[in-house]
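Trainee: quick check, what structure comes out for this input:
(one chain, ligands or ions: 1)
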Amino acid sequence: MNMYIVIVVALTLLLVYFGNNLLTFITFIRKARKIPTKDCVPIFGHSFKYIGPLSGLMKTFLEVVKQNESVFALWAGPLPFVSITKPEHVEVILGNSKYIHKDFPYKFLNSWLGSGLVITSGTMWQTHRKLITPAFHFSILDTFLQVFTERSDILVKNLTKYISCEKFDIYPHIKMCTLGVILETAMGIQIDTQDNKEHAEYADACCNITEEIMKRVISPWLFPQFIYSLTPGGRRFEKYLQTLHNFTDKVLRERKQAFVLGGTTQLLNENDIGTKKKLSFLDLLLQSDGTLTDEEVRDEVQTFMFAGHDTTTAGICWCLQMLASHPQVQDRVCEELEKTFGDSDHHPTTRDLKELKYLERVIKETLRLYPSVPMIGREMKEDVRIGEHVIPSGITVGIPIFAVHRDPELYRDPHQFNPDNFLPERVAARHPYAYIPFSAGPRNCIGQKFAMLEMKIMLSCILRNFKLEATGEIPTPLLEIICRPQNGVQIKIVPRNSSMLMFKNKE
Ligand code: HEM
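Mentor: This next block holds a predicted model:
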């Protein structure tokens with residue numbers, strides 16, 4: 001009898017639980033179905049549209065955006081998402097501190113980046129963001145200029161080996177240079193990433209794991225973890241993950257050791273930032289007095305090592321490609337460099353960098369066409385009105401940054417490379433959310449000033465030494481977590497007249 005009552009109570013509870021959830025789910029789907037969409041197939045949704053090589057995905061997506069209304073639903077199998085591209089709609093989401101929650105597809109990054117700043121939400125995100133923000137204050141960034149320049153000098157020295165080559169891929173060289181930069185600036189450890197090839201395994205694992213994640217995002221049947229882990233892709237994911245964790249653990253061990261041995265400057269309070277050299281972001285985490293657990297520190301290290309080098313690598317490489325493919329633009333950048341530095345071999349100062357206005361426009365225009373992070377998303381925690389549509393709570397709103405940046409209503413000849421798009425008067429005439437390579441609002445990129453300085457220094461060092469020549473078509477941009485050029489950036493470099501002095505003097 002007792003057993004009978006227990007079973008009845010258990011079944012009733014299950015029914016209430018799933019009944020409620022089922023009802024919520026049905027209401028959610030009903031609301032989502034009111035959002036306009038095209039070419040949606042029952043059960044499979046739009047998945048069939050995206051099956052195929054990742055290389056075609058950006059082009060396909062631009063077509064889909066063109067064919068649909070400015071707010072439209074995309075169905076990954078039975079699960080709906082909403083895509084928005086109009087700046088005024090983007091502002092509704094990114095500009096509001098209520099909409100900072102991330103879930104799908106960020107959750108596929110969980111086993112890698114865990115509670116790190118890029119994917120975490122809620123109070124944990126708030127606490128971490130507040131703790132980390134001082135490490136990216138402009139006064140501390142000034143102390144990084146020397147590292148950016150020293151690493152760029154090594155890069156230039158290594159590139160001389162390719163002077164007589166008809167073409168070579170510059171991507172791996174930039175990647176190892178930016179990795180060295182983030183390790184030295186943010187983590188406070190000096191690792192010879194540029195001449196010692198053993199660290200390339202970490203950088204390669206970053207590229208490979210993001211490719212695997214993107215393949216999963218467009219394949220709803222791989223969403224359940226137990227299925228994914230049985231597939232070859234799932235097994236490759238695990239292998240790359242191991243490499244990434246091993247490297248991060250090594251970085252942490254080294255810095256902790258230096259920390260214990262007193263090899264770091266102690267941070268007393270926030271006002272000390274910028275007044276002490278060699279204070280690293282990682283030191284800030286290590287002395288957070290229990291605010292962060294060991295695991296959270298590790299997740300932030302993973303996050304910043306990835307976000308801090310893969311993004312700038314893509315940005316710099318696309319800039320090099322654009323300059324090689326647009327010789328007049330390259331000449332103008334070089335005139336500006338000549339005016340700022342003359343024949344001198346002095347390292348760039350903050351003042352020099354402010355003078356490089358045209359180079360800045362080139363970088364901005366490159367990030368318009370090839371935003372390093374091409375797509376971002378936010379999960380709605382309440383119903384939200386966007387334009388004339390109600391977006392139901394629980395849905396993820398996707399913002400394809402690359403599509404916002406190529407909207408013909410915002411940019412004339414949107415697919416053409418034209419740095420004049422960033423003349424001050426043109427910028428002033430555009431909606432502020434028409435250009436969002438670093439996202440915007442409360443969850444914008446914490447490293448954007450760091451990135452701009454690094455990109456300016458690295459590009460100016462390369463261009464003061466070499467003329468860049470294109471060796472073929474502009475590569476296809478890949479719509480992955482990071483917008484990389486398919487098959488790298490194959491260019492030819494030619495020494496500039498007076499320039500090779502720049503590092504010869506220092507040898
Ligand atoms: C060209 C270079 C870069 C670009 C285009 C870029 C772009 C972005 C974008 C679009 C986001 C928002 C992501 C989202 O909402 O899902 C973001 C967030 C972030 N970026 Fe960057 N980024 C760059 C460089 C960097 C660097 C150098 C660092 C670190 C040193 C960095 C660290 C981060 C972090 C930690 C976040 C998460 C911020 C938060 O949610 O509070 N980024 N970045």
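Trainee: model confidence over the host helix or strand of residue 255, on average?
Mentor: Under the criterion of DSSP states H and E, residue 255 resides in helix 232-260. Per-residue pLDDT over helix 232-260 has a mean of 90.
Trainee: buried stuff in it?
Mentor: Neighbour counts over helix 232-260 (16 or more other CB atoms under 10 Å) mark 233-234, 237, 240-241, 243-244, 247-248, 251-252, 254-255, 258-259 as buried. C-betas here are computed from N, CA, C, even on glycine.
Trainee: can you tell me the closest non-neighbouring residue to the residue of the chain found nearest the ligand?
Mentor: Nearest residue of the chain to the ligand: residue 447, at 2.3 Å (CB to the nearest ligand atom). In space, not counting the residues next to it along the chain, residue 447 is nearest to residue 308; the distance is 5.9 Å by CB to CB, 6 or more residues apart in numbering.
Trainee: tell me, how many residues neighbour that neighbour?
Mentor: The number of residues packed near residue 308 is 23, by other CB atoms under 10 Å.
Trainee: swap in residue 226?
Mentor: Neighbours around residue 226, by other CB under 10 Å: 7.
Trainee: so for the host helix or strand of it, mean pLDDT?
Mentor: Element membership of residue 226, judged by DSSP H and E, is helix 225-228. Averaging pLDDT along helix 225-228 gives 94.
Trainee: check contacts around the residue nearest to residue 44 when sequence neighbours are not counted.
Mentor: If the residues on either side of it in the chain are set aside, residue 44 comes closest to residue 77, at 6.2 Å by CB to CB, 6+ apart. For residue 77, the contact set (CB atoms under 8 Å, 6 or more residues apart in numbering) comprises 43, 44, 45, 47, 220, 221.
Trainee: from memory the last one sits against residue 227, does it?
Mentor: Yes. Proximity of residue 221 to residue 227 meets the contact threshold set by CB atoms under 8 Å, at 6.9 Å.
Trainee: which parts of this protein are strands?
Mentor: Applying DSSP state E to the chain gives strands spanning 71-76, 79-84, 168-169, 375-379, 384-386, 389-391, 396-400, 466-470, 490-495.
Trainee: in a markdown table, list these along with distance to the ligand.
Mentor: What follows is the strands of the chain, written out as a markdown table (distance: least, CB to the nearest ligand atom, whole Å):
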| stretch | distance to the ligand |
| --- | --- |
| strand 71-76 | 17 |
| strand 79-84 | 14 |
| strand 168-169 | 20 |
| strand 375-379 | 4 |
| strand 384-386 | 17 |
| strand 389-391 | 17 |
| strand 396-400 | 8 |
| strand 466-470 | 19 |
| strand 490-495 | 19 |
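Trainee: among the ones you listed, which is nearest residue 123?
Mentor: The closest of the strands of the chain to residue 123 is strand 375-379. By CB to CB, the value is 16.1 Å.
Trainee: other SSEs contacting the closest one?
Mentor: When contacts are defined as 3 or more CB pairs under 8 Å, 6 or more residues apart in numbering; DSSP states H and E, strand 375-379 packs onto strand 396-400, helix 401-404.
Trainee: which bits of the stretch 201-350 of the chain sit near the ligand?
Mentor: Applying CB under 6 Å from any ligand atom, we find that the stretch 201-350 of the chain lies next to the ligand at 303, 304, 307, 308, 311, 312, 315.
Trainee: what are the ranges of the helices in the stretch 51-200 of the chain?
Mentor: Counting by DSSP state H, counting those that start in this stretch, the stretch 51-200 of the chain has helices at residues 57-67, 87-94, 110-113, 122-132, 138-142, 145-159, 171-185, 200-217.
Trainee: quick one: contacts for residue 364?
Mentor: Residue 364 neighbours (CB under 8 Å, 6+ apart): 419, 421, 422, 435, 437.
Trainee: what's the burial count for the second one?
Mentor: In other words, residue 421. Quick note: residue 421 (other CB under 10 Å) scores 22 neighbours.
Trainee: got it, and residue 368?
Mentor: Residue 368: 25 neighbours (other CB under 10 Å).
Trainee: hey, where'd the helices end up in the stretch 401-507 of the chain?
Mentor: 401-404, 424-429, 448-465, 501-504.
Trainee: angle of the third one against strand 466-470?
Mentor: Helix 448-465 runs at 100 degrees relative to strand 466-470, counting by axes from the mean of the first three to the mean of the last three CA atoms, to 10 degrees.
Trainee: buried residues in helix 448-465?
Mentor: 450-465.
Trainee: any weak-confidence spans in the chain?
Mentor: Residue ranges of the chain with pLDDT under 70: 1-20, 259-279, 497-507.
Trainee: any chance of the helices of the stretch 401-507 of the chain in JSON lines, plus distance to residue 131?
Mentor: As requested, those are exported to JSON lines (distance: least, CB to CB, whole Å):
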{"stretch": "helix 401-404", "distance to residue 131": "27"}
{"stretch": "helix 424-429", "distance to residue 131": "33"}
{"stretch": "helix 448-465", "distance to residue 131": "17"}
{"stretch": "helix 501-504", "distance to residue 131": "39"}
